[in-house]
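Undergrad: Fold the following and give me the result.
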Amino acid sequence: MNVKLSIILILSLLNILPIAAQQVKFGVEAGANLSHYLASQKHTAEQTGGMKAGFQVGATVDYEFKKHWTLSSGLTLLQNRSTMKFSPYMVTHFPKTDTKINNLILPLKIGYNFHITERFCLMPSIGLYAAYGFSAGNSSLEIVQPDGEGARTETHQWNPMKGYSYPIEGSPNNAHALLTPFRHWEYGGTAGLKAIIAEHYTVSFNYMVGIKQVHDLLGLRNSNFQLNIGYRF
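TA: This next block holds a predicted model:
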């Protein structure tokens, strides 16, 4: 009896797997993005110089249910950049601070596949993402150093994932101004629209906005617009 049941289960799986394979679509995509940080504390952080361009590349997976509802995920390497003025203290110490951070993005989105024609589909989706940020190398950092009755500006290099510390000239007890590191882990919401052409070619637009702050002292959250082209196998 157990042998017969096993044979039935195996035959059932063999029948189901080709159907599931047809409903699961793997793909690759790459493109450019525009990013900046949303600042909840205007007196400590302010966007300057407009949004900055970055890039992303990754793999996607889409599962379509019988009634055209979809579940989408994947893994993307995304580099975001920004230029901001940081004022975490009584005196503005960082008038122009560049940041450049690499992120691994893991989204999970639900959507619906509108079959406009046999060769053209539109798939809007919405969901959540988790991200891990890591170093993309050094960025430039301007520091205002007090100098008697005036002040001078110096340009240094810093790694946003490691933070930065420097001594304040003329201060008692060798005080330091500290710019704390950016957080590695964060999460947020995402929404997008994907066009599928001739079953294989894709053009997609996505927006991601952070829920978890990437920097508590400055009150920063990620905000990122992405445009991708891709191929589905």
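Undergrad: List the contacts of the residue nearest to P88 when sequence neighbours are not counted.
TA: Distances taken as CB to CB, 6 or more residues apart in numbering put T44 closest to P88, at 5.1 Å, once the chain neighbours are dropped. From N, CA and C alone the C-beta is placed, and that goes for glycine too. With CB atoms under 8 Å, 6 or more residues apart in numbering as the criterion, the residues that contact T44 are 86-88, 217-219.
Undergrad: Including secondary structure, could those go into a markdown table?
TA: What follows is the contacts of T44, written out as a markdown table (DSSP: H, G, I helix; E, B strand; the rest coil):
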| residue | secondary structure |
| --- | --- |
| F86 | strand |
| S87 | coil |
| P88 | coil |
| L217 | coil |
| L218 | coil |
| G219 | coil |
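Undergrad: Show me the shaky parts of this structure.
TA: Low-confidence regions of the chain, defined here as pLDDT under 70, cover residues 1-22, 89-92, 145-150, 168-177.
Undergrad: can you pull out the strands in it?
TA: Counting by DSSP state E, residue ranges of the strands within the chain are 24-39, 45-47, 52-64, 69-86, 94-112, 114-117, 120-135, 139-147, 150-158, 164-167, 176-179, 185-197, 201-210, 220-232.
Undergrad: Those strands into CSV, with extra columns for mean neighbour count?
TA: Converted to CSV, the strands of the chain look like this (neighbours: other CB atoms under 10 Å):
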stretch, mean neighbour count
strand 24-39, 18
strand 45-47, 18
strand 52-64, 17
strand 69-86, 19
strand 94-112, 19
strand 114-117, 10
strand 120-135, 17
strand 139-147, 17
strand 150-158, 11
strand 164-167, 15
strand 176-179, 16
strand 185-197, 17
strand 201-210, 18
strand 220-232, 19
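Undergrad: For S82, name its beta-bridge partners.
TA: For S82, the beta-bridge assignment (DSSP bridges) gives partners T99.
Undergrad: From Q47, how far off is it?
TA: 7 Å (CB to CB, to the nearest Å).
Undergrad: what is in contact with those two at once?
TA: Contact criterion CB under 8 Å, 6+ apart; residues shared by S82 and Q47: 36-37.
Undergrad: How about F182: what's its closest non-neighbour residue?
TA: Taking CB to CB, 6+ apart, and ignoring the residues beside it in sequence, F182 has P160 as its nearest neighbour in space, at 4.8 Å.
Undergrad: ok, the one you found - how many residues close by?
TA: P160 is surrounded by 24 other residues when neighbours are defined as other CB atoms under 10 Å.
Undergrad: which residues does it contact?
TA: Under the criterion of CB under 8 Å, 6+ apart, the contact partners of P160 comprise 99-101, 135, 139, 181-182.
Undergrad: Swap in 7 Å and give it another go.
TA: 99, 101, 139, 182 (CB atoms under 7 Å, 6 or more residues apart in numbering).
Undergrad: Please report the distance of the closest residue to G192 other than its chain neighbours from T153.
TA: The spatially closest residue to G192, leaving aside those adjacent along the chain, is N206, at 3.7 Å (CB to CB, 6+ apart). Distance from N206 to T153, counting by CB to CB: 37 Å.
Undergrad: do the same with F26
TA: Between F26 and T153 the distance is 50 Å, computed by CB to CB.
Undergrad: swap in P160?
TA: Relative to T153, and taking CB to CB, P160 is found at 20 Å.
Undergrad: Then L106?
TA: From L106 across to T153, the span is 40 Å (CB to CB).
Undergrad: For the residue lying closest to N33 once chain neighbours are set aside, name its beta-bridge partners.
TA: If the residues on either side of it in the chain are set aside, N33 comes closest to Q226, at 4.4 Å by CB to CB, 6+ apart. Beta-bridge partners of Q226, counted by DSSP bridges, are N33, N206.
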